[in-house]
Each structure stands twice: as C-alpha cells, then as structure tokens.
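> For reference, the sequence and a predicted model appear below.
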Amino acid sequence: MHHKIIKGVVITVAATATLLLAAGAAHAAPPVPPPATYDLATVINHLRWWVCGIIGTVATLFLTIGGVRYMMAQGDPSEMERAKGSFKSAGIGYALALLSPVLMTILSSIVQV
C-alpha cells in the first residue's frame with residue numbers, strides 16, 4: 001500500500017515537471033497603443049449624447065418616484081403635492097434632454113469660432 005502512494009506521488013511530480021518544462025517561457029502581450037485623441041467637435045458630439053442620456057435617466061427616475069408617491073398617497077394632499085412636484089421635475093428633465101442637443105450645438109459653434 002505504501003509503495004502505491006509513493007508511486008502515485010512520483011508520477012504526479014514527474015507529470016507536473018514535464019508540463020511546466022514543455023510550456024516554455026511566458027511572453028508578455030505587446031503594449032497597448034494609447035487611446036485615440038479626438039478633436040473638439042467630436043468630444044462635444046460625444047458629450048451631447050452623454051448629457052441627453054444622463055438627463056433622460058434622471059427624468060425617468062423622477063417620473064417613477066412621482067408615480068409611486070401618487071399611488072401611495074391614499075388621498076393625503078401633501079403627498080399628492082409631492083408627487084405632482086416629482087412629475088413637474090420629470091417634465092423639466094425631459095424638456096432639457098430634448099433641448100440638450102440644441103444647447104450643445106450652440107456651445108460647439110461658440111467654442112469653434
């Protein structure tokens with residue numbers, strides 16, 4: 001029984017050594033080139049879509065909060081006013097999200113003059 005354990009350990013060590021020696025040297029990946037630089041017009045265009053997305057997301061959050069408050073109000077006038085305030089904030093947010101491309105175009109034309 002003792003010989004079987006020793007034989008198994010020797011085979012395992014020999015197999016591991018063979019695999020390690022056969023694997024060869026590890027090579028590092030070539031360096032990654034730096035990210036591309038963009039001109040100002042491209043940066044402003046990307047910023048336009050980021051601003052639209054962030055404002056739209058926040059407006060949707062306010063719309064959801066307003067809806068939950070309105071459903072949970074159960075006739076409480078102060079809670080219904082809070083819900084209406086959230087709906088108003090969501091409407092303003094959606095208006096800003098729709099106007100942000102126009103505002104960013106104006107900013108782009110001012111900066112590039």
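Structure's in. What do you need?
> Toward the C-terminus, what is the element adjacent to the helix or strand harbouring Met71?
Met71 is part of helix 40-72 when elements are defined by DSSP states H and E. Remark: after helix 40-72, the chain's next helix or strand is helix 77-111, criterion DSSP H and E.
> Now do that following helix: distance to the chain's middle.
22 Å (Cα atoms, centre = their mean, to the nearest Å).
> buried residues in it?
Within helix 77-111, the residues that count as buried by 16 or more other Cβ atoms under 10 Å are 82-83, 86-87, 89-90, 93-94, 96-97, 100, 104, 108. C-beta: built from backbone N, CA, C; applies to glycine.
> buried residues in stretch 46-54?
Arg48, Val51, Cys52.
> residue contacts, the last one?
Taking Cβ atoms under 8 Å, 6 or more residues apart in numbering, we find Cys52 in contact with Ala97, Ser100, Pro101.
> would you turn those into a markdown table with distance to Ala59 and pLDDT?
A markdown table is the format used below for the contacts of Cys52 (distance: Cβ to Cβ, whole Å; pLDDT from 0 to 100):
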| residue | distance to Ala59 | pLDDT |
| --- | --- | --- |
| Ala97 | 6 | 87 |
| Ser100 | 11 | 81 |
| Pro101 | 15 | 80 |
